[in-house]
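Q: task: produce atomic coordinates for the following.
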Amino acid sequence: MKKTFLSASIARVLGAVAQAVMGIALARSVAPAEYGAVTALIGVFLVWFIVVDVGMSSFAGRSYALGRLDEVRTILWFSGRAALGGVVVAIAALALFVPGASGTFLAALSLLVVAQGLEKYCETRLAVVIAADLAAAVATSVLLRRLVSCSVFLLLLVAHAGPATLLYSIGMAAGAALGAVHIRRLLLRRDVPAQRSMAVGDVLRRSVPFAVNDLSIQSRALDVFLVAALTSPAGAGFYAAASKLTSPFQLLSSTLAAVVLPATARADDRDRRRLLRAIVGLTAALTVLALPVGWFGTDLSVFLLGDAYAPAGPLVAVFVVTFPVVALSTPLAALLQGMGRERFVGAQSFVSSVLLLAAVAAGAWWGDEMGAAVGFAVVAVGKYLSLALAAFVGTRAGEPSVTTLPGA
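A: Numbering: from 1, shown residues only. Have a look, this model is predicted:
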């Protein structure tokens, strides 16, 4: 499992760099207002596919770790159909609710919907691959999607093949499509096909706590949408640019969570305490490293995004310094889920997400985009501390270990 985590982490870091390059290139190619609008809609798409996934992308890894192969096959069967249905509904909604947009812009948004649906399809299956401890396959899946997306976008952009937003969408869809083909063939070779092997209702009932947690975590993607609604398109662009400089590296935290959850399910209390100490120690180390980087927020913003994004400098500082607690809240939640505390995690995440969106909205109302960033940071720190405390108490109280089933 350590080899899988190392391989996945390296792949996620390289993929995050590629995704960050794409975001920077897009931001430098369009006005802040357009960048804010596109980012806000991407956030809406992301939350939508979390809803239709019903927690399957998180539930799949734990089911495989416990040897429940019929459950895993049913999860994959459901997730593929949910992703397809989500794409159809989202594209229809775009046609209804964005009637004034140009045909080119609608085409770009539709491709982003397709890309997001395929990404969710891949991530559900990747959770199984990680739980199966297939290090090389994990790295290949991540890098294939990210590097193909980045290469296609940059090549089209250099060739001036069309509007930057459309080219970005084409790149995202191309990488996700190749990734979906790759991971589907991989699981078929491992005899884990997507098929309805048990009652879907039974699987859905067990996945709901995971769905609540996933939705609560990813609902933060709506923050840009709220800032756009309560400030201005340009303000949303500055907020989006600042937050998106760190958000690609959330991929690393999701990989860590995908490794922590099955590992915790198999571990005893001593190993769980060791995992908790490692996560908290990593948070502290990253925060110390982030402080000097945040001091140069304006310089960093101008260097990466251009002079037009100089007003985003103070926001960059806030998001960089807050990044460690935001990123490592996800593996903390996974640790608790692996201990059988998924209902607590779901409830805690739901409350935190409501508080976060309320704080962002209130901050944007009273202090524009900077107020929104501060509101986001305060709630993010509170969420991390509450998860860490719950994990500390749980590991000290002697939570019952989960017994691995035969064949796990």
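Q: what are the ranges of the helices in the stretch 51-200 of the chain?
A: 56-65, 69-97, 103-131, 135-158, 164-189, 200-218 (DSSP state H, counting those that start in this stretch).
Q: just the CA trace of the fourth one, in PDB.
A: Going back to what we said before, that points to helix 135-158. The C-alpha trace of helix 135-158 is given here as PDB (Å, rounded to 0.1, in the frame of the first residue of the first chain):
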ATOM      1  CA  ALA A 135       0.600   1.200  -8.100                       C
ATOM      2  CA  ALA A 136       1.500   1.400 -11.800                       C
ATOM      3  CA  ALA A 137      -2.100   1.400 -12.900                       C
ATOM      4  CA  VAL A 138      -3.000   4.200 -10.500                       C
ATOM      5  CA  ALA A 139      -0.200   6.400 -11.800                       C
ATOM      6  CA  THR A 140      -1.000   5.600 -15.400                       C
ATOM      7  CA  SER A 141      -4.700   6.500 -15.000                       C
ATOM      8  CA  VAL A 142      -4.000   9.900 -13.300                       C
ATOM      9  CA  LEU A 143      -1.200  11.000 -15.700                       C
ATOM     10  CA  LEU A 144      -2.900   9.800 -18.800                       C
ATOM     11  CA  ARG A 145      -5.900  12.100 -18.100                       C
ATOM     12  CA  ARG A 146      -4.000  15.100 -16.900                       C
ATOM     13  CA  LEU A 147      -1.100  15.100 -19.400                       C
ATOM     14  CA  VAL A 148      -3.400  14.500 -22.400                       C
ATOM     15  CA  SER A 149      -5.700  17.300 -21.300                       C
ATOM     16  CA  CYS A 150      -2.900  19.700 -20.800                       C
ATOM     17  CA  SER A 151      -1.100  18.800 -24.100                       C
ATOM     18  CA  VAL A 152      -4.200  19.000 -26.200                       C
ATOM     19  CA  PHE A 153      -5.200  22.400 -24.800                       C
ATOM     20  CA  LEU A 154      -1.800  24.000 -25.000                       C
ATOM     21  CA  LEU A 155      -1.200  22.700 -28.600                       C
ATOM     22  CA  LEU A 156      -4.600  24.100 -29.700                       C
ATOM     23  CA  LEU A 157      -3.900  27.400 -27.900                       C
ATOM     24  CA  VAL A 158      -0.500  27.800 -29.500                       C
END
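Q: how far does the host helix or strand of residue 224 sit from the chain's center?
A: Taking DSSP states H and E as the criterion, the element that holds residue 224 is helix 223-230. The chain centroid and the centroid of helix 223-230 are separated by 19 Å, computed with Cα atoms, centre = their mean, to the nearest Å.
Q: which SSE is immediately downstream of it?
A: helix 233-244.
Q: residue 228 touches residue 236, doesn't it?
A: Yes. Counting by Cβ atoms under 8 Å, residue 228 touches residue 236, with 3.5 Å between them. In short, each C-beta sits where N, CA and C put it, glycine included.
Q: anything in contact with each of the two?
A: Among the neighbours of residue 228, those also in contact with residue 236 (Cβ atoms under 8 Å, 6 or more residues apart in numbering) are 36, 37, 40.
Q: hang on, the earlier thing: residue 28: which of the helices of the stretch 51-200 of the chain is closest?
A: For the helices of the stretch 51-200 of the chain, the distance to residue 28 is smallest for helix 164-189, at 8.8 Å, taking Cβ to Cβ.
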